[in-house]
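# What would the 3D arrangement of this be:
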Amino acid sequence: MAPKMKPISNEKYVSLLALLSGHSLIGGYYAATRPEGAGWRFFSWHPMLMMIGMVGMMGAAALTKKRGGYTNTKLHGIMAWVGIMVAGAGLYVIYQNKENMGKEHFTSLHSWAGLAAFGGVIGAGLAGGVVLHPDFGIDKQNKMIRAVHKNLSRALLMMAWCASLSGFKTLIGDDVKTLILFAAPVVLAAPFTLM
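A predicted model of the protein is given here:
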C-alpha cells in the first residue's frame, strides 16, 4: 500500500499559487504581445487564455488537490473545469484566427500537443466528475482509477506546459534568454505541482 500523501503546507501553497497565477497573467500578456511591437490583437487572446486556463487554473487545481480533504477535492474539480473552459476559449480564438487568415489548422507539434492535452484534460475531468466526485462518484474509492486520473492529469498538464513553451518559442524566435526566463516559473513549480 502506498504511503498517504502529506498535504502541502499553507506557505508553499500560497507561494506556488502566486507563482503560477502571476506567470499565467504576466507571462500570458507578454506572450500575447509578441513578437516585439505586435501589440494586442485578436490572436493575443489565444496565448493569454491558454496560459490562464492551462497554467494558472489547472496548476491551481493540482496544487489545491494536494492540500487534501473533501473541500479541496471539490475546489480542485471546479478550478480544473474553469481552466478547461478558459482554455477552450483560447482554442476557439486560434481556430477562428486561422480561419480569418485562410491558414491550415494543426500544422505544428505545438498545435497537436495543445489539442492532445486539451482533449486529455476533458477526459480526465469527465472521469473525475463522474467516477471520482466525493459526493456522487460511481467508483470514488477505486484506487486504480484514482491513480490513473492523478498520473494522467499530471502528464497532460506537463504536455500543456511544454506546448505553451513551444508556442512562445515560435513567437520570439531564437531568443534563448527570454525563453529560459519564460520557462523558469513552470520549471520551478513543476516538481511541487506535478510530482
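
# Give the closest residue to Lys98 in space, chain neighbours not counted.
His105 (5.4 Å; Cβ to Cβ, 6 or more residues apart in numbering). Backbone N, C-alpha and C define where each C-beta goes, glycine included.

# So what touches stretch 97-113?
Stretch 97-113 has contacts (Cβ atoms under 8 Å, 6 or more residues apart in numbering) with 42-43, 46, 94-95, 115, 159-160, 162-163, 166-167, 170.

# Just the buried residues out of the residues you listed, in ChimeraX syntax.
Filtering the contacts of stretch 97-113 down to the buried ones (16 or more other Cβ atoms under 10 Å) takes a single ChimeraX command:
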select :43,46,94,159,160,162,163,167
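
# His46 reaches Gly88, doesn't it?
No - between His46 and Gly88 there is no contact under Cβ atoms under 8 Å: 11.7 Å.

# residue ranges of the helices in this structure, please?
10-22, 28-32, 45-50, 58-65, 70-101, 109-130, 143-172, 176-193 (DSSP state H).

# Pull the number of nearby residues for the residue lying closest to Met79 once chain neighbours are set aside.
Nearest residue to Met79, sequence neighbours excluded (Cβ to Cβ, 6+ apart): Ala61, at 3.8 Å. By other Cβ atoms under 10 Å, the residues close to Ala61 number 27.

# Could you pull up the residues touching Ala61?
75-77, 79-80, 83.

# Could you identify which of the residues you listed has the most neighbours?
Ranked by the number of neighbours (other Cβ under 10 Å), the contacts of Ala61 place Gly83 first, at 27 neighbours.

# Does that residue touch Met57 like I think?
Yes - counting by Cβ under 8 Å, Met57 is a contact partner of Gly83 at 3.0 Å.

# sorry, back to before: would you turn the helices of the chain into TSV with mean pLDDT and distance to Ala38?
What follows is the helices of the chain, written out as TSV (pLDDT from 0 to 100; distance: least, Cβ to Cβ, whole Å):
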stretch	mean pLDDT	distance to Ala38
helix 10-22	97	22
helix 28-32	98	9
helix 45-50	98	11
helix 58-65	97	26
helix 70-101	98	13
helix 109-130	97	18
helix 143-172	97	8
helix 176-193	96	14
